[in-house]
Each structure stands twice: as C-alpha cells, then as structure tokens.
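Colleague: Here you go, sequence then predicted model.
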Amino acid sequence: MFPPNMWPIVRDALAGASPAVRTEIRLVIAFWITLVLLQFWDSRNAEGPAGVAEFLSAMLGASGGALLGTAHTLRRTMEETSERQGPNTAGGAHTAHALQQVLLALPAIGFASGVALGAAAVLMVLRGLLGAELLLAIVGTVVYGGMVVFAARTVNSSARTLFDYATRQAAVAADARSEAAAAQLAALQARMHPHFLFNALNTVAALVRSDPPAAERVVESLSVVLRKTLQRATGKLSTVEEEVEYVREWLALEQHRWGNRLRVAWDVDPAALTLEIPPLVLQPLVENAVKYAIGACVEGGTIHITVRRGASLVVRVDDDGEGFQRGWREGTGLGNLRERLRTLYGTDASLDVSTDSMGAHVTVTIPLRT
Amino acid sequence: MRLLIVDDEAHARRRLAALIEEIDLETADADASVRLEIVGEAPDGASALELVRSTTPDVVLLDVAMPEVDGLDVARHMTEPRPLIIFQTAYHEYALQAFEEQALDFLVKPVKKDRLAQALERARIRLATLQKAGLLTADGLQRLGTALGHQRIRPARLLVRHGAGHRLLPIRSVTRFSASEGLVRAHTATESPVTDYTLGELEERLGSGFVRISRADLVNAAQVERIVSNGDGSATITLSTGEALRVSRRRAADVRRALESHD
C-alpha cells in the first residue's frame, strides 16, 4: 500500500502513540474482527441470489472495515506525530517527506473504505429485499450505514489534518527562508563592509608608485573577491573548491596589509573539493583568526586551515593566538554563521570553538553532499 | 619641521614618506625656511613610543588601527616633550570635528596629498605660535576611539613603565593588578612594574579574564585558587602564588558569579 520509505515512519508513529490512541486502535481491531466473524457466521447457510448478495456484502464490508480501521489508526497516530515533530525539525527533510506521503494517502484510503462500505450497505438492502433473514439485513444495513458515515468523517478530518499540516509547514518554510535570507544578507554586508574596501584601496594607493605590479595584483584580487561576494548574494550552495579559492584571494588582500606577520598554512583534502558547502562558511572563520590572533600581537602568527572529507565535511581553522577568553561571548561573525548552519542543516551541522595552550580552534562540521 | 611616521603597513609608510618629500620640494620653492624632515618610521606602537623619546619629533603621523599597541595607546603613553599628533584613520571623517579643538588633526586613509599638506601647514602654525598639544586624557581617548569606530582587540601584551620609557609585558604572566598611592602595578611571579592605565581601563580592555575584587585589586581569574567567605559579607581570595586578597563586601556576589562562569 505504501512505498517502502513510509514504513519506518508508520512504525515509529505506532510505537510512539499515546495510551488513548493505543486503546482506540485495539477497539478498532476488535470491532473489525467481530464484524468479520459475524458476517461469516451469518452467511454460513446462504443460498440463491440473496446468498450471493450476502457473501459479496460480507467481503466488501470486511475489506471496507479494514481500510477504514487503517485510515483511522493512521490519522490519529499521524496527527500526534506531526504535532510532536513539526515538519522541518530534527528528523530532517527525509522524514518530513515520508510523513507528508502518509498524510496524502489518508483521504484516498478513507474514500476507498467509504466506497466498499457503501457497496456493502447497498448489498445488505438488496438482500433484505430478496427476503433472507430480514432482521439481520436491517441490522447489517444500519451497521454499514454507520460505518459509511464514519468513513466520510475520517476523509473530512484527514483532509483537515493535511491542510493544517501544509499550513504549518508553509509557515515554517517561510520562517526558515527569511531567517536564512537575513543571515545571508548580514554575512554579505559584513564582507562588503566599507572598512574592507578602504583597506584594499589604501593598499593600492600605497603600492601604486613603489610596486606597480603588486598594485595590479591587489586590484585583481579585489575584483575577484567582490565578484564572488556578489555571486554569493544568490544564496546558492557553493563547493569547497570555490570557497577555498575565494579565501585565497581574500587572504592575498590581507597579506598586503599584514606582511610577514600573517602566515597561512593550507591543508585541503583533494577528495573534499567537489563537496557542497554554503558560501561564506570558511571565510568568517579565517577572518576571525586574522582579527584576533594576528591583530593581538605585533609579531603576528600562523593560521592553519584544514579541510577534511570523512563521515562529514570538516572545516577547521587553528591559530596560535591567545585564544577565546574565559567567559567569551560569540561575536556577530560566528553567531551569524551558527544561525545559518542551523537553518540549513538543523542539528546535522555544528560549529565548535575551543582554546588550549596552542591557541584557538574553530571547527565546522557539515553533512556530506556533492 | 621634524616628522615621525607610525603605521603598521610598510607600503603606507613608504607612500606617506614619498608624499611628504613631494610636499617638501614644492613648498621649499616658495619658502625655504619651511623644510620637512622625516626623523623616523615606526611599524608598531611600542617602537613608536621609543622613537618619540629618542628622536623628539615635532609632529607624529599616527595610524590609529595597529595591533597590540594602537595609535590611541601611543597617544596615551607619550612622554614630555609631547609632539603634535596627526591621526590617520580609515574612515569617519565627520565624526572627528569635535576633536579638532584639542590640537589634534585627522587624515583619512588613503591620505590625499592636498589634505596632508594642509594638516602639515596647520601643525607648522601651531608650533610657531607655541601651541602645545592638548594632553589626552584616558576619557578623551575613549571618546575618540568611539567616534572613530575603532574596535580594540584584547592585546597579548600590555605597556608597562621601563626606565624613562615603556616595554611590553605578556598579560598571561600577570597574576593581578593593584592600585595604591596613585600607582597601578602589574604583578607577576617575579616583578611588579607600574602601568599608566587605570584599573577601570584595564578592566575594560582585558575583558572577563580579569575580575575586579575591590577598589584596589583586579585579579587574573585563571590564577584564583579559592574564594572563602569571611562571614561578614566580604570574602578572601587566594591566588596560585599564595597571596591572600580581600574581596569587598559590595563586590563579593559579583566576583563569585564571575569566577563560577569560568569553570
């Protein structure tokens, strides 16, 4: 009935159902078994056209009842699950998609059960008209009629559940989009800060007479950085290779400002180059290290940039500065990045900072995607 | 007029020197008595202070944003005879008008030649009329830094007095700062040099790694062994060096909270 990826979520939903819903499910199953047994007991000595009608009615009633029971059970458990989880939380897009499919299947199952039960009720009426066991026929018609009404209600309420779910999901998606957009914009603004441009222009002005080829290179690096920054405004995912390239150009600009006080060591796993990474993940980490480790000490320092592909994509920036102070509070650069990672990956991505006698370490872990 | 150039960027120093040379040649044609002479170039704040003492320039062209000891620190620690200061800053031209009264001038980077010539001319007039540079108070420099949008990074080392000048002391080695008889001292395991900063300034610059325990003491949180209540609301802190210090009643609760957040 369901594609295989829906089974786990149905199983989890049943396992996590509340005691009230579990009791309800048991009652539904008991009712269905009673109904089937009664039907077959009733049709034990049926004969002629009335017997055929009775037999068909029994088959349709049993299958319609099974479908209705399934639809009802699913609806109750799914309602609980979707309220408990919300569409875009920890389970991630995969679970949300399966949940959505189960919810979409509900009205269809409810409708099918309604049709089967309706046919069963009609056959019961027919059987009554054909004159076999009138009292049982009336009872059967009433029972099936009641079940048809119940099926209609199930269709109605599962449609409503689906609508609520869709509304909630749309709201969450809109929130996530606007949060991601705001974080992205803030990150971009930080990159395009006038200070950064002034520093670069200042370097060009200083170099243009003493070392024209160097001035030329600064202008080239600046235009690469600006172009790539603007491209990032689209918010699309980037690759590790593009980000590394971007940071190399950015560092080329910084290098002119800091001279030999800024020393950089790269260690990039070639297997990681094609992996997806959100734009402006690596650069804020490096900028932070330059600002706090190199900026705190006249002798400057060394920044190690490591990119590894393992079970996840790991981006790590180490410096040999004083490190994060005790009681340190996260600045806007790292705070922004943390927020963006949360909206993009939920709990699957992480940003960790630590300090030891060597200096400060910042590590970002992102799920593997190519 | 004797000039000292202070900028951490080598290119920027070279460019400023070249511009000054050009201005000197141009003005010398008109008035040979006004010559510009560069007496030194410093790549950082500590060497700038050394050069101010050893070369006694008339004017310092002082970059604000430099690592560890920034331009504001240099202005704060300059000893007599104090030169006139022309600050160089990356932006916020208009925010600075309020400070021009204090015989300070400002150049926005990248420095324009005309503007540099104008600033040097103003300095010449001030020197000729024997106007002294206003003494920059800690408070005035604080306001100046704010107006400049200057962000101070917690430095690795701090200026302390050394003979008639200054040297850099690693902050990590400091167990506590104390104020007594008008002097603020930085205490390490082996020495206790005097610093020109007030305890309030140090508290602000060093952030949460240092905790103010009384009017007279600022201690390194990493050096605190234990804190014991005295029963009267005050407390006693024992440092890793064995020194015992009293935590004032007013601050005891804050100090406990600050030390707890560090563990």
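Modeller: Done, it's in. Predicted, not measured: the structure shown is a model, and the values here were computed from it. Residues are numbered from 1 along each chain as shown, chains lettered A, B, ... in the order given.
Colleague: A:Gly114 against A:Val149, yeah?
Modeller: No - assessed by Cβ atoms under 8 Å, A:Gly114 is found out of contact with A:Val149, at 9.2 Å. The way it works is simple: take the backbone N, C-alpha and C, and place the C-beta from them, glycine included.
Colleague: neighbour-wise, which of these two wins?
Modeller: Neighbour totals were compared for A:Gly114 and A:Val149, and A:Gly114 leads with 23 against 12 (other Cβ atoms under 10 Å in any protein chain shown).
Colleague: Show the subsequent helix or strand relative to the helix or strand harbouring that one.
Modeller: Here A:Gly114, judged by DSSP states H and E, is contained in helix A:92-129. The element immediately downstream of helix A:92-129 (helix or strand, assigned by DSSP H and E) is helix A:134-191.
Colleague: Off-centre distance for that next one?
Modeller: Between the centre of helix A:134-191 and the centre of its chain there are 18 Å (Cα atoms, centre = their mean, to the nearest Å).
Colleague: If I take that helix and helix A:92-129, what angle do their directions form?
Modeller: Angle, helix A:134-191 to helix A:92-129, by axes from the mean of the first three to the mean of the last three Cα atoms, to 10 degrees: 160 degrees.
Colleague: so whatever helix or strand comes next after helix A:134-191 versus helix A:134-191, what angle?
Modeller: Going down the chain from helix A:134-191, the next helix or strand is helix A:194-210, by DSSP H and E. Angle, helix A:194-210 to helix A:134-191, by the same axes, to 10 degrees: 40 degrees.
Colleague: close to chain B, is helix A:194-210?
Modeller: Yes - with Cβ under 8 Å from any Cβ of the partner chain as the criterion, chain B is reached by helix A:194-210 at A:194-195, A:198-199, A:201-207, A:209-210.
Colleague: Pull out the CA atoms of that helix and give them to me as CSV.
Modeller: Taking C-alpha atoms only, helix A:194-210 is exported to CSV below (Å, rounded to 0.1, in the frame of the first residue of the first chain):
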residue,chain,number,x,y,z
PRO,A,194,33.4,49.8,3.8
HIS,A,195,36.4,49.1,6.1
PHE,A,196,37.4,46.2,3.9
LEU,A,197,37.1,48.3,0.7
PHE,A,198,39.0,51.2,2.3
ASN,A,199,41.8,48.9,3.4
ALA,A,200,42.2,47.4,0.0
LEU,A,201,42.1,50.9,-1.7
ASN,A,202,44.6,52.1,0.8
THR,A,203,46.9,49.3,-0.1
VAL,A,204,46.5,50.0,-3.8
ALA,A,205,47.2,53.7,-3.2
ALA,A,206,50.4,52.8,-1.2
LEU,A,207,51.6,50.3,-3.7
VAL,A,208,50.9,52.1,-7.0
ARG,A,209,54.1,54.0,-7.0
SER,A,210,56.5,51.8,-5.1
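Colleague: List the buried residues in it.
Modeller: Neighbour-count burial for helix A:194-210, counted by 16 or more other Cβ atoms under 10 Å in any protein chain shown, picks out A:Phe196, A:Phe198, A:Asn199, A:Ala200, A:Leu201, A:Asn202, A:Thr203, A:Val204, A:Ala205, A:Ala206, A:Leu207, A:Val208.
Colleague: any chance of those in a markdown table, with distance to A:Ser43 and pLDDT too?
Modeller: Formatted as a markdown table, the buried residues of helix A:194-210 follow (distance: Cβ to Cβ, whole Å; pLDDT from 0 to 100):
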| residue | distance to A:Ser43 | pLDDT |
| --- | --- | --- |
| A:Phe196 | 85 | 79 |
| A:Phe198 | 91 | 81 |
| A:Asn199 | 90 | 81 |
| A:Ala200 | 89 | 87 |
| A:Leu201 | 93 | 87 |
| A:Asn202 | 95 | 85 |
| A:Thr203 | 94 | 88 |
| A:Val204 | 95 | 91 |
| A:Ala205 | 99 | 89 |
| A:Ala206 | 100 | 87 |
| A:Leu207 | 98 | 89 |
| A:Val208 | 100 | 90 |
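Colleague: Make a markdown table out of these and add distance to A:Gly140.
Modeller: Output for the buried residues of helix A:194-210, formatted as a markdown table (distance: Cβ to Cβ, whole Å):
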| residue | distance to A:Gly140 |
| --- | --- |
| A:Phe196 | 81 |
| A:Phe198 | 87 |
| A:Asn199 | 87 |
| A:Ala200 | 86 |
| A:Leu201 | 89 |
| A:Asn202 | 92 |
| A:Thr203 | 91 |
| A:Val204 | 92 |
| A:Ala205 | 95 |
| A:Ala206 | 97 |
| A:Leu207 | 96 |
| A:Val208 | 97 |
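Colleague: for those residues, which one is nearest A:Ile294?
Modeller: A:Asn199 (13.7 Å; Cβ to Cβ).
Colleague: That closest one and B:Ala90 touch, don't they?
Modeller: Yes - A:Asn199 is in contact with B:Ala90 according to Cβ under 8 Å; the separation is 6.5 Å.
Colleague: Give the residues shared as contacts by these two.
Modeller: Residues touching both A:Asn199 and B:Ala90 (Cβ atoms under 8 Å, 6 or more residues apart in numbering or on different chains): there are none.
Colleague: Can you give me the domain boundaries for the chain?
Modeller: Since no chain was named, I'll use chain A. Domain assignment for chain A by automatic domain parsing gives A:4-174, A:192-367.
Colleague: um, chain B though
Modeller: B:2-148, B:160-260.
Colleague: Now A:Arg217. Nearest residue, chain neighbours left out?
Modeller: For A:Arg217, ignoring the flanking residues on the chain, the nearest one in space by Cβ to Cβ, 6 or more residues apart in numbering or on different chains is A:Ala252 at 7.3 Å.
Colleague: part of a strand, is that neighbour?
Modeller: No - with DSSP: H, G, I helix; E, B strand; the rest coil as the criterion, A:Ala252 is located in helix rather than a strand.
Colleague: How many neighbouring residues does it have?
Modeller: 16.
Colleague: these two touch, right, it and A:Ala214?
Modeller: No - judged on Cβ under 8 Å, A:Ala252 makes no contact with A:Ala214 at a distance of 10.4 Å.
Colleague: where does the chain dip in pLDDT?
Modeller: All of this refers to chain A. A:1-6, A:44-46, A:82-98, A:131-132, A:183-194, A:232-235, A:325-332 (pLDDT under 70).
Colleague: You answered for a different chain; I wanted chain B.
Modeller: Chain B contains residues with pLDDT under 70 at B:32, B:91-104, B:131-136, B:262-263.
Colleague: the longest helix in it is where?
Modeller: Ranked by residue count, the top helix of chain B under DSSP state H comes out as helix B:10-30.
Colleague: Check which residues of that one are buried.
Modeller: Those would be B:10-17, B:19-20, B:23-24, B:27, for helix B:10-30 by 16+ other Cβ under 10 Å.
Colleague: Just say which of the domains of chain B is most tucked in.
Modeller: Among the domains of chain B, domain B:2-148 has the highest mean neighbour count (mean count of other Cβ atoms under 10 Å in any protein chain shown), at a mean of 18.
Colleague: who touches stretch A:145-161?
Modeller: A:61, A:64-65, A:68, A:71-72, A:75, A:78-79, A:82, A:103, A:106-107, A:110-111, A:113-114, A:117-118, A:121.
Colleague: Thank you, goodbye.
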